[in-house]
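Colleague: take a look and give me a structure for this.
(one chain, ligands or ions: 1)
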Amino acid sequence: MSHEDFPTDEPAVVTCGLPYANGDLHIGHLRGYIGADAFSRALETLGQETAYVCGSDMHGTPVAVNAEQEGVDPEDFALDWHRQYEETFPKFNVEFDNYGHTHDETNVETTQEIVRTLDDEGYIYEKEIQVAYDPDADQYLPDRYVEGTCPYCGAKARGDECDEGCQRHLEPGEVEDPTSTITGNPAEYRKRTHKFFEVSEFADFLTDFLDGLEGTSNARNQPRQWIEDGLQDWCITRDMDWGIDYPTAEGEDESDLVLYVWVDAPIEYISSSKQYSERVGTDAFDWEQVWKGDGEIMHVIGRDIIQHHAIFWPAMLEGAGYNKPRGIAATGFITINGKGLSTSRNRAIWAKEYLEEGFHPDLLRYYLTTTGGLQQDVDFSWDAFQETVNGELVGTVGNFWYRSLLFAYRNYEGTPDAAVSDEVRDRIEGAIDDVRENVNDYSMRGVGGAATELAQFGNEYIQRNEPWKLDAESEDATQVIRDCVQIAKAVAVLLEPITPDKAQALWAQIGEDGDIADAHLEDALEAPPRDFDEPGELFEKIEDDRVDELTEKLEERVAAASDDDDEETESDESTDAEADGMSDTDDLEPLADERIGFEDFQELDVRVGRIESAEGIEGADDLARLEVDIGFETRQIVAGIKQLHDLDELPGEKCVLLANMEKAELFGVESNGMILAAGEEADLLTTHGDAAVGEKIK
Ligand SMILES: [Zn+2]
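Modeller: The predicted model follows:
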């Protein structure tokens with residue numbers, strides 16, 4: 001990889017976390033695939049040679065467990081879903097250059113070759129461990145075959161991940177109070193010999209790697225903490241039949257172990273790139289230049305799989321002699337009407353459903369990419385969707401496109417003969433720079449913003465110059481409309497990564513041939529053809545009663561699902577959260593089981609404070625140094641809120657502070673107390689009345 005700005009001379013690969021081939025796609029999945037698709041298209045508009053590759057994740061217990069429940073072979077089961085995904089993604093204009101799957105020949109071979117190399121290089125060793133076993137079912141219980149309690153945070157956890165709590169990856173044998181998901185019986189632990197990858201050997205490498213990593217800050221900060229806490233070696237084999245066989249050395253007995261799904265899943269990024277090269281030829285795209293040379297590798301993933309991509313994966317690549325990712329963008333979760341997306345409660349917008357309702361895919365693409373940055377959680381409601389579509393796409397972009405092109409058609413039958421004015425040329429050049437900068441910042445929201453703002457400028461420009469009051473033959477009128485046609489074209493070029501169909505339609509309306517996806521940003525400044533036909537409107541308003549109807553439908557569905565749920569205990573076997581950046585169950589930490597006495601609470605000296613100053617700490621991505629007045633004195637506090645708040649706005653704000661927290665030192669700065677905040681976004685707690693500074697919370 002290079003660290004030059006995009007576009008670089010090297011080819012690039014953009015990937016998105018693989019979907020587990022075991023359930024219907026929904027809006028949580030789509031957010032990631034659409035975001036990565038838009039990013040890959042945006043890189044191409046910069047002139048960066050880019051391939052967007054992905055594939056279905058066929059292995060692992062999420063697939064095996066579901067196939068078993070349906071009484072079908074896991075391969076048939078997974079292939080069925082794989083084919084459905086292949087059909088569904090293009091319907092959302094998610095156009096992979098290659099979409100493979102982890103069970104195909106290329107991936108089996110590539111995986112075995114990489115693992116063999118790691119073994120030959122001495123990074124893999126054998127160790128006897130305790131493995132959960134169900135005596136009634138007479139089988140071992142890897143990963144999702146077992147549930148229990150997370151040893152780190154006490155939340156209910158799956159065998160391989162603390163999905164409802166701290167999101168940590170759990171090693172075999174770690175989950176406490178294991179219960180078999182096959183029979184519901186308590187599991188026994190038995191001794192088995194497994195293979196381990198020496199991740200701990202890569203701590204220094206990973207620290208350097210993270211220092212240079214681009215993308216979202218969460219993909220760097222959490223892993224740094226894990227390295228600081230000490231890296232554990234990683235068990236990479238499982239007692240299962242479904243998976244890729246462990247590749248033993250020549251002359252050795254065949255192994256009865258298969259590789260853990262998280263070994264072969266990311267290798268599909270390489271395999272899928274290989275398949276693309278094989279199809280188009282290495283002259284058009286050379287996978288080795290990317291993966292073994294200096295190419296640019298960018299991963300878009302859900303934030304629940306950061307550890308797999310920012311720790312295990314680069315360590316594997318380094319150990320096997322491959323190139324490392326340049327950027328990792330980890331997306332936040334999707335909430336629905338402010339509540340966690342839940343497939344078991346049917347609180348989701350399903351891909352199929354969205355299409356059946358007859359909405360154009362570009363509307364959802366625009367909503368999902370521009371409502372939040374990649375890292376933020378995005379809330380979806382039909383109300384908010386309507387507001388965005390009617391306000392930005394219909395009101396700003398569509399309105400500008402239609403009125404300017406219609407005016408041009410009626411008076412000039414196309415693009416008037418004139419040169420673009422300096423003012424408009426400068427404004428378009430500014431928007432192009434803005435897009436270039438935002439792509440380099442991995443901000444698709446910024447790209448969408450630059451395009452919409454340019455359309456807004458167009459609306460103001462036409463309004464200000466009132467061409468309808470001028471004689472169409474006049475130089476002034478000709479100039480204004482010539483400018484507007486250019487702005488319309490530029491908006492289409494800038495918006496293409498996000499709304500490719502609509503941009504293509506505009507492209508055709510102004511008489512351009514070919515595919516707008518092949519256009520580069522600079523083409524936004526090229527004159528459109530002279531003649532074009534009467535334009536049509538490209539966006540349609542969503543009416544209020546339509547929104548009411550959809551909201552009601554969703555509420556009824558959720559209510560029906562929770563009625564069914566009353567009968568069953570809380571378990572969710574539907575689609576996995578692997579790539580979709582959402583949590584399967586409500587996105588909330590479970591309540592603590594244990595109660596505490598009032599005395600215990602009294603031991604917490606929690607006070608009302610007022611923030612006097614706030615500044616970032618150099619070298620720390622998300623830490624800020626705060627001075628907080630707590631009545632008796634002013635405390636210096638270090639808090640992980642730099643990325644999440646506008647620090648300039650904090651002074652004067654009231655906050656809530658744990659005053660008798662042990663002192664700590666972070667990045668060389670002493671923290672004397674702890675400021676209280678809610679959730680991943682560190683929403684700062686405050687008081688609503690006029691509680692005095694220093695007042696104790698009780
Ligand atoms: Zn946990």
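Colleague: per-residue pLDDT, Ser583?
Modeller: We have a pLDDT of 39 for Ser583.
Colleague: residue closest to the middle of this structure?
Modeller: The centroid of the chain falls nearest to Thr331 when counting by CA atoms, centre = their mean (2.7 Å).
Colleague: what separation do you get for it and Gly395?
Modeller: To Gly395, Thr331 is 28 Å away according to CB to CB, to the nearest Å. For every residue, glycine as well, the C-beta is placed using N, CA and C.
Colleague: quick one, strands of the stretch 551-698 of the chain?
Modeller: With DSSP state E, counting those that start in this stretch as the definition, the stretch 551-698 of the chain shows strands at residue ranges 606-616, 624-629, 634-639, 654-658, 664-666, 669-671, 674-675, 677-678, 683-684.
Colleague: show me the one of these that comes nearest Leu495.
Modeller: Leu495 lies closest to strand 683-684 among the strands of the stretch 551-698 of the chain, at 32.3 Å (CB to CB).
Colleague: may I have the strands that pair with that closest one, each with its orientation?
Modeller: Strand 683-684 pairs in its sheet with strand 677-678 (antiparallel), by DSSP bridges.
Colleague: which strands and helices sit next to the lengthiest helix in the chain?
Modeller: In the chain, with assignment by DSSP state H, the single longest helix is helix 544-567. With contacts defined as 3 or more CB pairs under 8 Å, 6 or more residues apart in numbering; DSSP states H and E, the packing partners of helix 544-567 are helix 382-388.
Colleague: chain center to the helix it packs on, what's the gap?
Modeller: 21 Å (CA atoms, centre = their mean, to the nearest Å).
Colleague: contacts for it?
Modeller: Contacts to helix 382-388, defined as CB atoms under 8 Å, 6 or more residues apart in numbering, come from residues 363-364, 366-367, 370-371, 542, 544, 546-547, 550-551, 554.
Colleague: hmm, 6 Å instead?
Modeller: Residues outside helix 382-388 that contact it (CB atoms under 6 Å, 6 or more residues apart in numbering): 367, 542, 547, 550-551.
Colleague: quick check: residues of the stretch 101-250 of the chain near the ion?
Modeller: The stretch 101-250 of the chain comes close to the ion at residues 150, 152-153, 155, 162, 165-166, as judged by CB under 5 Å from the ion.
Colleague: tell me the two of the residues you listed that are most distant?
Modeller: Tyr152 and Ala155 (8.6 Å).
Colleague: go ahead and confirm the residue nearest to the centre of the chain touches Ile34.
Modeller: No: using CB atoms under 6 Å as the test, Thr331 is too far from Ile34 to be in contact (10.3 Å).
Colleague: burial of the residue of the stretch 401-550 of the chain found nearest the ion, as a residue count?
Modeller: Residue nearest to the ion within the stretch 401-550 of the chain (CB to the ion): Tyr442, separated by 28.3 Å. When counting by other CB atoms under 10 Å, one arrives at 22 neighbours for Tyr442.
Colleague: what about it, helix or strand, and which?
Modeller: For Tyr442, there is no host helix or strand (DSSP states H and E).
Colleague: any idea how far the closest residue to it other than its chain neighbours lies from Tyr52?
Modeller: Among residues not flanking Tyr442 along the chain, Ala329 sits closest, at 5.0 Å (CB to CB, 6 or more residues apart in numbering). Using CB to CB, we find Ala329 at a distance of 14 Å from Tyr52.
Colleague: just Ala451 next, same as before
Modeller: 20 Å.
Colleague: cool, Leu604 as well?
Modeller: Here Leu604 is placed at a distance of 50 Å from Tyr52 (CB to CB).
Colleague: now swap in Glu615 and tell me
Modeller: Remark: distance between Glu615 and Tyr52 (CB to CB) = 40 Å.
Colleague: compare the two and say which one has the larger neighbour count.
Modeller: Tyr52 (27 against 13).
Colleague: so which elements touch the strand or helix carrying the more buried one?
Modeller: Assigned by DSSP H and E, Tyr52 belongs to strand 50-56. Contacts defined by 3 or more CB pairs under 6 Å, 6 or more residues apart in numbering; DSSP states H and E place strand 50-56 against strand 12-16, helix 27-45, strand 98-101, helix 261-280.
Colleague: as TSV, the ones you listed with mean pLDDT would be great.
Modeller: As requested, these are exported to TSV (pLDDT from 0 to 100):
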stretch	mean pLDDT
strand 12-16	98
helix 27-45	97
strand 98-101	98
helix 261-280	98
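Colleague: any chance of those in JSON lines, with mean neighbour count too?
Modeller: Listed next are those as JSON lines, based on neighbours: other CB atoms under 10 Å:
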{"stretch": "strand 12-16", "mean neighbour count": "28"}
{"stretch": "helix 27-45", "mean neighbour count": "27"}
{"stretch": "strand 98-101", "mean neighbour count": "24"}
{"stretch": "helix 261-280", "mean neighbour count": "24"}
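Colleague: dump those to TSV, plus distance to Phe92.
Modeller: Output for these, formatted as TSV (distance: least, CB to CB, whole Å):
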stretch	distance to Phe92
strand 12-16	12
helix 27-45	6
strand 98-101	13
helix 261-280	19
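Colleague: nearest to Gln509, out of these?
Modeller: Among the helices and strands packed on strand 50-56, the nearest to Gln509 by CB to CB is helix 27-45 (19.4 Å).
Colleague: got the angle between that closest one and strand 12-16?
Modeller: Here helix 27-45 runs at an angle of 170 degrees relative to strand 12-16 (axes from the mean of the first three to the mean of the last three CA atoms, to 10 degrees).
Colleague: just the CA trace of helix 27-45, in CSV.
Modeller: As requested, the backbone C-alpha atoms of helix 27-45 are provided in CSV (Å, rounded to 0.1, in the frame of the first residue of the first chain):
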residue,chain,number,x,y,z
ILE,A,27,-31.3,-2.9,5.8
GLY,A,28,-28.5,-3.6,8.3
HIS,A,29,-26.7,-5.7,5.7
LEU,A,30,-27.4,-3.2,2.9
ARG,A,31,-25.9,-0.3,4.7
GLY,A,32,-22.4,-1.9,4.5
TYR,A,33,-22.7,-3.2,1.0
ILE,A,34,-24.1,0.1,-0.3
GLY,A,35,-21.5,2.1,1.6
ALA,A,36,-18.6,0.0,0.2
ASP,A,37,-20.1,0.1,-3.3
ALA,A,38,-20.4,3.9,-3.2
PHE,A,39,-16.8,4.1,-1.9
SER,A,40,-15.6,1.9,-4.7
ARG,A,41,-17.5,3.9,-7.3
ALA,A,42,-16.2,7.2,-5.8
LEU,A,43,-12.6,6.0,-6.0
GLU,A,44,-13.2,5.2,-9.7
THR,A,45,-14.5,8.7,-10.3
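Colleague: contact partners of it?
Modeller: Helix 27-45 is touched from outside by 6, 14, 16, 19, 50, 52, 94, 300, 331, 334, 341, 349, 365, 368-369, 374, 380, 439, 444, 447, 497-498, 520-521, 579-582, with contacts defined as CB under 6 Å, 6+ apart.
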